[in-house]
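1. Model the structure of this input:
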Amino acid sequence: MSTRVIANWTADEDATLAKLINEGDSASMIGKRLGRPRSSVCGRAHRKGMKFKGQKQVPCERRVRFVASEDQTIRAMAASSKSSTDIAKVLVRSASSVKKRAKIIGAKLDGKGGGKPRTEPKAPKAKPVKLNAGNIANKRESRTHDPEFKHSTPAVAVVPLMVALVDLRPNQCRFPVGDPLKEDFGFCGHPMEQGSYCRSHARLAYQAPESRRRAA
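-> Now for the predicted structure:
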């Protein structure tokens, strides 16, 4: 089954969005005019700093309860060592609400605005070994014939589709790509194969933090 990816916003659409917002149209009306979901219109308006008129109660981009897609985004960005501040900007929520939700769903946050960073246990100091040409050659020979010795192969990189959060489909990979504070930030978007990710990003997201840093 093919995955349908919604096209990125064009300059003409941005101009139309600004014009219709200034005229007082709602997100639903603009979505019908542009052929885009209401949530996509809300997200684009927020990223461009546009404000809808006549919002006396709940703002367009604000949601009271966290939905499943937001939980998946929190887990994915937490696995990439993003802070609650970074995640809050992507979800258009407060950093404090992201912290609380991350704690509820068991996602550990690192960095600024994310609580105390995780610390890796210190490995015991290895005793110095005096090497010479003889024992180096013996070790190389033993590894060559050892059936348990294997060279690790890094996961093959996949080219992300850079899909915006509001445009992600339920079966698309939610691995975050880029800086969430920049315009070109997006998500992988390839079909899910393991958990919330595609095959390539699942290998990166579920390995030990030290290995993940080396892979990055």
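2. quick one: the strands in this structure?
-> 176-177, 186-187 (DSSP state E).
3. Now do the domain split for the protein, please.
-> Annotated domains of the chain cover 8-62, 68-105, 165-215 [automatic domain parsing].
4. Let me know which of these is the nearest to V159.
-> domain 165-215 (8.7 Å; CB to CB). Glycine gets a C-beta too; all of them are placed from N, C-alpha and C.
5. tell me the contacts of A18?
-> Under the criterion of CB atoms under 8 Å, 6 or more residues apart in numbering, the neighbours of A18 are K48, M50.
6. how close does it get to R44?
-> Spatial separation of A18 from R44 under the definition CB to CB, to the nearest Å is 10 Å.
7. now R36
-> Using CB to CB, one obtains 8 Å as the distance from R36 to R44.
8. Equivalent analysis for S84, please.
-> Relative to R44, and taking CB to CB, S84 is found at 23 Å.
9. Same check on P170?
-> Spatial separation of P170 from R44 under the definition CB to CB is 21 Å.
10. Pick out whichever of these two has more residues nearby.
-> Counted by other CB atoms under 10 Å, P170 and R44 do not tie: R44 has more neighbours, with 22 against 9.
11. Ignoring the adjacent residues along the chain, who's closest to the more buried one?
-> W9 (5.6 Å; CB to CB, 6 or more residues apart in numbering).
12. how about that neighbour, phi and psi?
-> phi -70, psi 140 (degrees, to the nearest 10).
13. Neighbours of it, how many?
-> The local packing count at W9 equals 20, with neighbours defined by other CB under 10 Å.
14. Hmm, it is touching V41, no?
-> No. Taking contact to mean CB atoms under 8 Å, the distance of 9.8 Å between W9 and V41 leaves them out of contact.
15. Now do the shared contacts for these two.
-> In terms of CB under 8 Å, 6+ apart, W9 and V41 are both contacted by the residues L17.
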